[in-house]
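Enquirer: sequence first, predicted model second:
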Amino acid sequence: MTVSGPTLNLKWKSLIVLLLGLGIQISKSGDKQSTTSVKTNLHVLQDLVAAEVGEVIEHSKLVAGNRIEMKCPPADDNWIMCNSISSTLQSFGCRVFTPGDTAITPDFMIDVGGAEMRVRYEDVFRNGMFGSKKVRRTISVGVSVESMNTKTKEVLFSGFLRKEVSDTVAVDDIPTLELASAKSTHAELPPETTFDRIVEPFVIIGATGVIVYLFFHVRS
């Protein structure tokens, strides 16, 4: 049996609509999958600090139950660094105290010097023709740390630790990834290129026009 005329045209048009809808759904699905597991900039900074503290623990041969006096200089956003170091040491099983606490005699001292926390956004791109704009996110942490045995005065570790991680995030999600009260979690988006501002919209409009043309003219 041969199908022709209006019935065949209807099938072609239905196929075009189906493919168009499928393409949009795939783009949206990819966006959802990529943003559901994205950590905030603050959480990434905390994870990097925790990894650095792990190196200090290993080099200093700390064990659960050690009493640690921690010195951390007050500065903008240093609370991120200090809180992360303290919570990581406590999770390891150490007891953490502030300087001048005469109620305890610490076993070790950890002195946190200069800290660098930075977020960068680079290389904006679109996730498919109908997908959202994405950007490469790079977060880095650098900290100067010294640990010492308070009884023997032996310096167990002294150095500058630096860690960095990169991933991809949606541009529209950036306001929710940054913490308003912490400057270290913020960064400027790269300026849009000529393609982003002028060429890309025409490409999308042109592609849509082709689909509409095919919808009304295929086998008509």
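Expert: Happy to help now that I have it.

Enquirer: grab the nearest non-local neighbour of Pro120.
Expert: To be clear, residue 120 is Arg; Pro isn't right here. In this structure, Arg120 finds its nearest non-sequential neighbour in Thr138, 4.5 Å apart by CB to CB, 6 or more residues apart in numbering. For glycine as for every other residue, the C-beta is placed from the backbone atoms N, C-alpha and C.

Enquirer: ah, wrong one, I meant Val143
Expert: Closest to Val143 by CB to CB, 6+ apart is Ala115, at 4.6 Å.

Enquirer: tell me the phi and psi of the nearest residue to Thr40 once chain neighbours are set aside?
Expert: Counting by CB to CB, 6+ apart, Leu177 is the residue found nearest to Thr40 once chain neighbours are left out, at 5.0 Å. For Leu177, the backbone dihedrals (degrees, to the nearest 10) come out as phi -90, psi -20.

Enquirer: quick check, Leu177 in contact with His43.
Expert: No. Proximity of Leu177 to His43 does not meet the contact threshold set by CB atoms under 8 Å, at 9.1 Å.

Enquirer: comparing these two, which residue is more hemmed in?
Expert: Neighbour totals were compared for Leu177 and His43, and Leu177 leads with 20 against 14 (other CB atoms under 10 Å).

Enquirer: what residues are up against that one?
Expert: 38, 40-41, 137, 169, 185 (CB atoms under 8 Å, 6 or more residues apart in numbering).

Enquirer: helix or strand: which one has Asp167?
Expert: Under the criterion DSSP states H and E, the helix or strand holding Asp167 is strand 155-170.

Enquirer: other residues contacting that strand?
Expert: 31, 34-35, 38, 44, 47-48, 51-52, 55-56, 59-61, 108, 116, 127, 132-149, 177.

Enquirer: returning to that earlier point: now the residue nearest to Arg120: which helix or strand?
Expert: Going by DSSP H and E, Thr138 is part of strand 133-149.

Enquirer: over to Asp47?
Expert: Element membership of Asp47 [criterion: DSSP H and E] is helix 41-60.

Enquirer: circling back: other SSEs contacting the host helix or strand of the residue nearest to Val143?
Expert: According to DSSP H and E, Ala115 maps onto strand 108-126. Judged by 3 or more CB pairs under 8 Å, 6 or more residues apart in numbering; DSSP states H and E, the packing partners of strand 108-126 are helix 41-60, strand 67-71, helix 78-92, strand 133-149.

Enquirer: please consider this matter closed, and thank you.
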